[in-house]
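Colleague: I would like the atomic coordinates for the input below:
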Amino acid sequence: MIPCLAPVVLAGYAFMFSQGLDNYPLESHTPQVEVMTCQRGIGGYINATPTGLYAGGIQYGFQQYIGPVGVALIPHFGISHTDHEVMALPSYTQFDVGAGVYATYEQMIIGLKLSHWSNGNAIFNWSDSAGRENVGINMAVLQVGWEF
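Modeller: A predicted model of the protein is given here:
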């Protein structure tokens, strides 16, 4: 399968909530910029915030058009990284998994992306060096953008 290349640039606002850390509540928000290789088929993504949170990986877009209007569901899996210590995250680098739902009109895009950054304990049954189980950040990002 050949990856598609119809670049998408999105700007959004991320709302973050911690998971599994009652002692370290995280209710934060930050702007976010994201670039995807495409909205349909196999592709890649990378995103960043000015607060030092970064992620990138692979995605697969399921997209349906009716005339100039389209809807896409895009699940993703990748790696996330922070450039500083975040108490709600088990390490500087962790897994990033989630999905986005996008509506398009011609080349304009609006969407909601949900991501979970964590150590993956729920799948791999391990804990981090501090003995914490599956901890991480859940993120909801409202996005607008353009497909080139």
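
Colleague: which parts of the strand or helix carrying G111 are buried?
Modeller: Following DSSP states H and E, one finds G111 within strand 108-118. Neighbour counts over strand 108-118 (16 or more other C-beta atoms under 10 Å) mark I109, G111, K113, S115, H116, W117, S118 as buried. Using the backbone N, CA and C atoms, a C-beta is placed for each residue, glycine as well.

Colleague: could you say what helices and strands that strand packs with?
Modeller: Applying 3 or more C-beta pairs under 8 Å, 6 or more residues apart in numbering; DSSP states H and E, one finds that strand 108-118 contacts strand 8-19, strand 69-82, strand 93-105, strand 136-147.

Colleague: returning to what we had before: redo the buried residues of strand 108-118 as TSV? Include distance to S80 and pLDDT.
Modeller: Shown next, in TSV, are these (distance: C-beta to C-beta, whole Å; pLDDT from 0 to 100):
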residue	distance to S80	pLDDT
I109	22	97
G111	19	97
K113	13	97
S115	8	95
H116	10	91
W117	4	90
S118	9	86
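
Colleague: just send those residues back as a markdown table, with distance to N138 too.
Modeller: Listed next are the buried residues of strand 108-118 as a markdown table, based on distance: C-beta to C-beta, whole Å:
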| residue | distance to N138 |
| --- | --- |
| I109 | 23 |
| G111 | 17 |
| K113 | 12 |
| S115 | 7 |
| H116 | 5 |
| W117 | 8 |
| S118 | 9 |
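
Colleague: contacts only, for the residue nearest to A11 when sequence neighbours are not counted.
Modeller: Leaving out its chain neighbours, the residue that sits closest to A11 by C-beta to C-beta, 6 or more residues apart in numbering is V33, at 5.6 Å. V33 sits next to V9, L10, A11, G12, N47, A48, T49 when contact means C-beta atoms under 8 Å, 6 or more residues apart in numbering.

Colleague: beta-bridge partners for V33, please?
Modeller: For V33, the beta-bridge partners are A11, A48 (DSSP bridges).
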